[in-house]
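1. Please work out how this folds:
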Amino acid sequence: MLEAILCGREGSVARMLKKNPKLANCEFYNGVTNPMCRATYLGHRNIVSLLLKYGADVNKRSQDLRTPLIWAAFRDNCQMIEFFLE
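-> Residues are numbered from 1 along each chain as shown. Model (predicted):
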């Protein structure tokens with residue numbers, strides 16, 4: 001899952017989530033980050049949408065206590081910020 005998110009492979013992420021929706025809230029690197037935070041950090045809006053569709057927690061924090069919204073602000077990604085605030 002992590003590699004697919006890192007590479008922006010929306011189709012791969014969709015297939016994995018369809019097989020196992022619990023992956024939407026999994027943790028990477030022993031809890032350092034999670035799919036929502038990583039996809040948001042990288043600006044993969046379509047992947048973020050997929051994760052939400054499969055039940056990802058929009059408020060799940062990374063180890064440094066940042067939510068996806070905070071990551072969007074950290075990266076100055078105004079489109080992602082607006083997406084979260086809609």
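2. make it CA atoms for all contacts and neighbour counts henceforth
-> Noted.
3. Distance check, the residue nearest the centre of the chain against R15.
-> The centre of the chain sits closest to M36, judged by CA atoms, centre = their mean, with a distance of 1.9 Å. Per CA to CA, to the nearest Å, M36 is found 17 Å from R15.
4. Next: N34.
-> 18 Å.
5. higher neighbour count, these two?
-> Under the neighbour definition other CA atoms under 10 Å, N34 and R15 were set side by side, and N34 has more, 24 against 12.
6. doesn't F28 make contact with the more buried one?
-> Yes. Counting by CA atoms under 8 Å, F28 is a contact partner of N34 at 5.5 Å.
7. pLDDT score assigned to M16?
-> Listed pLDDT for M16 reads 98.
8. Tell me where this protein has strands.
-> Counting by DSSP state E, the chain has no strands at all.
9. show me the contacts for A14.
-> By CA atoms under 8 Å, 6 or more residues apart in numbering, the residues touching A14 are L50.
10. and the residue nearest to the centre of the chain, what is it in contact with?
-> Per CA under 8 Å, 6+ apart, neighbours of M36: 24-25, 48, 51, 56-58, 60, 68.
11. want to throw these into TSV with pLDDT and neighbour count?
-> Putting the contacts of M36 into TSV (pLDDT from 0 to 100; neighbours: other CA atoms under 10 Å) gives the following:
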residue	pLDDT	neighbour count
A24	97	23
N25	96	18
V48	98	26
L51	98	24
A56	97	21
D57	97	16
V58	96	16
K60	95	18
P68	97	27
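12. got those residues as a markdown table, with distance to Y41 columns?
-> Converted to a markdown table, the contacts of M36 look like this (distance: CA to CA, whole Å):
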| residue | distance to Y41 |
| --- | --- |
| A24 | 16 |
| N25 | 16 |
| V48 | 10 |
| L51 | 14 |
| A56 | 15 |
| D57 | 15 |
| V58 | 13 |
| K60 | 13 |
| P68 | 8 |
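13. Could you tell me which of the residues you listed belong to helices?
-> 48, 51, 68 (DSSP state H).
14. ok, of these, which one's closest to F83?
-> V48 (9.8 Å; CA to CA).
15. Count the neighbours of C26 for me.
-> 16.
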